[in-house]
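> Using only what follows, build the 3D model:
(2 chains)
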There are 2 protein chains.
Amino acid sequence: MPFKIIKKSHRSGARLGLLKTKRGVIKTPFFMPIATRGSVKSLESAELKKLGAQIILSNSYHLYLRPGLAVIKKSKGLHGFMNWSGPILTDSGGFQVFSLEAKNVKFKTPNERKSLVKITDKGVEFKSVYDGSKHFFTPKKVLEIQAAIGSDIRMVLDVCSPAKCSKKPAEQDLEITLQWAKDSLDYKNSKLKIKKIGQIKKAKSKNSALGCLDFLLFGIVQGALYKDLRLKSASELSRMSFDGYAIGGLAVGESPQEMYQVLDYTVPALPKDKPHYLMGVGYPEQIVEAVKRGIDMFDCVIPTREARHGRLYFSQAATGGRQRPGSKFYQTINIRAEKFSQDLSPINADSKLPELRQYTKAYLRHLFAVQEPLALRLATLNNLEFYLQLMSNIRQAIKNSQY
Amino acid sequence: MPFKIIKKSHRSGARLGLLKTKRGVIKTPFFMPIATRGSVKSLESAELKKLGAQIILSNSYHLYLRPGLAVIKKSKGLHGFMNWSGPILTDSGGFQVFSLEAKNVKFKTPNERKSLVKITDKGVEFKSVYDGSKHFFTPKKVLEIQAAIGSDIRMVLDVCSPAKCSKKPAEQDLEITLQWAKDSLDYKNSKLKIKKIGQIKKAKSKNSALGCLDFLLFGIVQGALYKDLRLKSASELSRMSFDGYAIGGLAVGESPQEMYQVLDYTVPALPKDKPHYLMGVGYPEQIVEAVKRGIDMFDCVIPTREARHGRLYFSQAATGGRQRPGSKFYQTINIRAEKFSQDLSPINADSKLPELRQYTKAYLRHLFAVQEPLALRLATLNNLEFYLQLMSNIRQAIKNSQY
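Prediction:
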């Protein structure tokens, strides 16, 4: 079993665990910095290691279109291409197929998008966000793409329904998603059979000793905000032997309360001995709430995207504030605000990174004001350190039975 | 004497030397990476140290306007503000006053600019490139600005004539420049007198032991492309006791041959025991030619600006090319070219920086293609390493009597 639960909280659904991958064992719960196009914006891989990132996420859709798979294959996968030796999770591209199309068009109803992306039971046709060229993704195709990328955790192709989707189309989306999940698993199993003879030969190799397959395949629960659809999705996927289970189609416009409700009834319907991944979430308090509900894995653009807009995340301790019960355990500042122009305190006095201790808030504010590229890097380092430290704190709290 | 010549070439005017500043001894000839707004674009100070930068250049005009002097003073100068402990040279702002105004307006004649920047014998009035606000720079004012910045080498205010300037205005510009040079030196000497009592107390301090003043003040030779004006400028400035002599108003549109001619007659007219600084130059072969003519100091935007456009500099050795007599000793590539899309060779196999050895050209090309900010950083590191290594090679060649 690639996933091992070390400790369960008595007070909530939180779990402390280890997830084995070909390229290393990851402590759960964890957060994945996002390297959409093969680079965590403004950082290089050595900095991700210094930050303590255990695993990063990259994007099948974008890498398939730019730079294309040929050079990634030649580079021995994305690991070689982007010089990152740790584990990588890739999404299937399904989310981008739907969300990036939608970016350029205003829809009257959520279902109108289907006139742009053509979904059949075989797959989905879409136009490249780069040059408008037409492409067709199938469950098999996105697994082949992820095989070329060489990611350690791979996601099935799914149809991501909009948050405010009416029930009928949500139901249709789910049917297709479930069919594609089955197709994906069939494809993986057929590949595994072919590989078996080879695997016996490698039985004593390091990877086999770790007890893990070449990659982990995750199914994705959909169903918009409809309880019966979510439960159906969870139940049917649970009968398929995925290595992990993701919950998709959240953080797409619904309220946090709606999201927590979905987790409240969906997570208990998933296999308890498999890792649970909440895709695209979220703010720190949402991560804390989701861990309580049994989520083990997270990714989100918030720390990196908000860094680029000058929004910095700090723990209350780091800003000298006292943590009162019920108060937020973190705070954010807009470093571009005038009030920081004379603030000679370090960006983060508690950081383990010398650059965040040595440069002042006034300096970072100046870098943003005159649009110096170093601004993005310092802000991104700050926010990713906060998110990764948050996960470390969460793991410690579960270990200490304080969660 | 802050400047010491260790060796002179027998075959050319090249000199090997040491320039003492408050914050360290700099080996000459040297090149200064440009931190216009208090940051070498996309790099942080620790990277400049790794690259072996001995000194950097920053910009009085820009720092005065953004972030303003208050926060720089509070930070104990630019060194504290940008977290750089090595020497810093600041230009006076004169060049920016004239060149940035000109950016926004098309002139029918080079002299038309004077309707925008109002020059009197007291100083120059100009509008901020940021918000159009009016400011007045005098020789004293720019020295006060540089004192607030705390730079180790400071430049006098000058009037930078355009390359194709007709003689009459070039003559007028020079008259003012000479007057301002005298004003600057008078101001420095008056300050020194006030300081003397304090200095005696500090006689045993480290800085005094180094035998250097708090800062070095450089005069600037002007005179456009007119030999008599350049010689007059050099001769009159030589009679004033500046710590070093810059040649300004070059690399502003004239041909390299015209520039070399100016150096051929100007440098010999400068004090031989003082450092010679060719402002804003240039391409590698221009630096080599200028060193032959007795220049010791350089700054230029080329390595950093061209990096941002994907133009990379390499020594011939680094690209595997053989150096034939008469051939260029370096080559450049446009990393954005399609042909690099599958090139898995390292950005620079010979680099001392792991990132330039570990990332491939194909990866860097991809980063440029999808506009990832890491592209700028890797390209900038590559080009600055080339320029700094070039200077190191030049020093070694002079030492070995091969220049």
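> can we go C-alpha only for contacts and neighbour counts from here?
OK.
> for chain A, which helix is longest?
Longest among the helix segments of chain A by residue count, using DSSP state H, is helix A:167-201.
> Now it: average pLDDT?
For helix A:167-201, mean pLDDT rounds to 86.
> I'd like to know which elements that helix is packed against.
Secondary-structure packing of helix A:167-201 (3 or more C-alpha pairs under 8 Å, 6 or more residues apart in numbering or on different chains; DSSP states H and E): helix A:139-149, strand A:216-221, helix A:227-238.
> how about TSV for those, with mean neighbour count and distance to chain B added?
Output for those, formatted as TSV (neighbours: other C-alpha atoms under 10 Å in any protein chain shown; distance: least, C-alpha to the nearest C-alpha, whole Å):
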stretch	mean neighbour count	distance to chain B
helix A:139-149	23	14
strand A:216-221	26	26
helix A:227-238	20	36
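> Ok, which of those comes nearest A:P275?
strand A:216-221 (9.1 Å; C-alpha to C-alpha).
> in its sheet, what does that closest one sit against?
strand A:153-155 (parallel), strand A:244-247 (parallel) (DSSP bridges).
> Would you convert those strands into a markdown table that also reports mean neighbour count and mean pLDDT?
Below are the strands paired with strand A:216-221 laid out as a markdown table (neighbours: other C-alpha atoms under 10 Å in any protein chain shown; pLDDT from 0 to 100):
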| stretch | mean neighbour count | mean pLDDT |
| --- | --- | --- |
| strand A:153-155 | 25 | 98 |
| strand A:244-247 | 25 | 98 |
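> buried stuff in the longest helix of chain A?
Across helix A:167-201, burial judged by 16 or more other C-alpha atoms under 10 Å in any protein chain shown covers A:169-171, A:173-178, A:180-185, A:188, A:199.
> Let me know how buried the residue in the stretch 51-200 of chain A positioned nearest to chain B is, in neighbour terms.
Residue nearest to chain B within the stretch 51-200 of chain A: A:V71 (5.4 Å; C-alpha to the nearest C-alpha). Around A:V71 there are 22 other residues, counting by other C-alpha atoms under 10 Å in any protein chain shown.
> what's the answer for A:Y330, then?
A:Y330 has 18 nearby residues by other C-alpha under 10 Å.
> Spit out the contact partners of it.
Contacts of A:Y330 were listed using C-alpha atoms under 8 Å, 6 or more residues apart in numbering or on different chains, and they are A:Y313, A:F314, A:S315, A:Q316.
> can you pick the most crowded of the residues you listed?
That'd be A:Y313 among those, by other C-alpha under 10 Å, with 26 neighbours.
> who's in contact with the nearest residue to A:E44 once chain neighbours are set aside?
When the adjacent residues along the chain are set aside, A:E44 lies closest to B:L374, with 6.9 Å between them (C-alpha to C-alpha, 6 or more residues apart in numbering or on different chains). Shown in contact with B:L374 (C-alpha under 8 Å, 6+ apart): A:S39, A:K41, A:S42, A:L43, A:E44, B:L367.
> how does it look with 7 Å?
Counting by C-alpha atoms under 7 Å, 6 or more residues apart in numbering or on different chains, B:L374 makes contact with A:K41, A:S42, A:L43, A:E44, B:L367.
> low-scoring stretches of chain A, by residue?
A:101-115, A:196-213, A:317-327 (pLDDT under 70).
> Contacts only, for A:P256.
With C-alpha under 7 Å, 6+ apart, A:P256 has no contacts at all.
> can you rerun that using 10 Å?
Shown in contact with A:P256 (C-alpha atoms under 10 Å, 6 or more residues apart in numbering or on different chains): A:L250, A:V262, A:G282, A:Y283, A:E285, A:Q286, A:E289.
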